[in-house]
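Asks: Sequence below, structure please.
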Amino acid sequence: MIRRSKYGNRRTACRHGHAHDSAKEAHRCNELHLLERAGEISHLEQQPEFPVEINGKRVCTYRADFAYFANNARVVEDVKGHRTEVYRLKKKLVEALHVGLKIVEV
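Replies: This next block holds a predicted model:
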């Protein structure tokens with residue numbers, strides 16, 4: 001029996017063979033690869049991790065969907081269908097601890 005996702009998403013592969021948690025995320029991966037090939041963005045990363053450490057203790061790790069450089073600035077993206085309370089909390093923590101980092105929701 002295949003277990004259904006809590007939010008109805010299905011693991012989907014993009015054209016580059018990466019498995020993604022949703023079709024929306026796989027579609028965005030395809031778009032970002034095209035933008036990188038066109039020279040619009042560079043240094044595309046998938047699932048970059050950002051540690052959340054307070055007073056030297058690791059609280060959690062936030063894993064974004066994508067990160068890349070556009071116009072000499074690092075962009076961190078998260079493809080969202082549903083924003084959970086945990087996600088909102090982690091986003092606030094990461095943006096507060098990693099100065100200058102802004103998470104873009106697609």
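Asks: any idea how far Gly56 is from the residue nearest in space to the middle of the chain?
Replies: Nearest to the geometric centre of the chain sits Asp65, at 1.9 Å (C-alpha atoms, centre = their mean). Separation of Asp65 from Gly56 (C-beta to C-beta, to the nearest Å) stands at 28 Å. Quick note: C-beta positions are derived from backbone N, CA and C, even for glycine.
Asks: could you pull out the strands for the protein?
Replies: In the chain, the strands defined using DSSP state E lie at 12-13, 19-20, 42-46, 49-54, 57-63, 66-70, 73-78, 103-105.
Asks: could I get the ones you listed as TSV with mean pLDDT, distance to Lys91 and mean neighbour count?
Replies: Output for the strands of the chain, formatted as TSV (pLDDT from 0 to 100; distance: least, C-beta to C-beta, whole Å; neighbours: other C-beta atoms under 10 Å):
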stretch	mean pLDDT	distance to Lys91	mean neighbour count
strand 12-13	72	24	14
strand 19-20	79	19	16
strand 42-46	97	18	14
strand 49-54	94	10	13
strand 57-63	95	7	13
strand 66-70	96	14	17
strand 73-78	95	8	16
strand 103-105	95	5	14
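Asks: Could you dump those strands into TSV and include distance to His33?
Replies: Output for the strands of the chain, formatted as TSV (distance: least, C-beta to C-beta, whole Å):
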stretch	distance to His33
strand 12-13	13
strand 19-20	12
strand 42-46	7
strand 49-54	21
strand 57-63	19
strand 66-70	10
strand 73-78	13
strand 103-105	17
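Asks: nearest to Thr84, of those?
Replies: Nearest to Thr84, of all the strands of the chain, is strand 73-78, at 11.4 Å by C-beta to C-beta.
Asks: Which other helices and strands does that closest one contact?
Replies: Helices and strands touching strand 73-78, by 3 or more C-beta pairs under 8 Å, 6 or more residues apart in numbering; DSSP states H and E, are strand 66-70, strand 103-105.
Asks: ok, that strand: who's next to it in the sheet?
Replies: strand 66-70 (antiparallel), strand 103-105 (parallel) (DSSP bridges).
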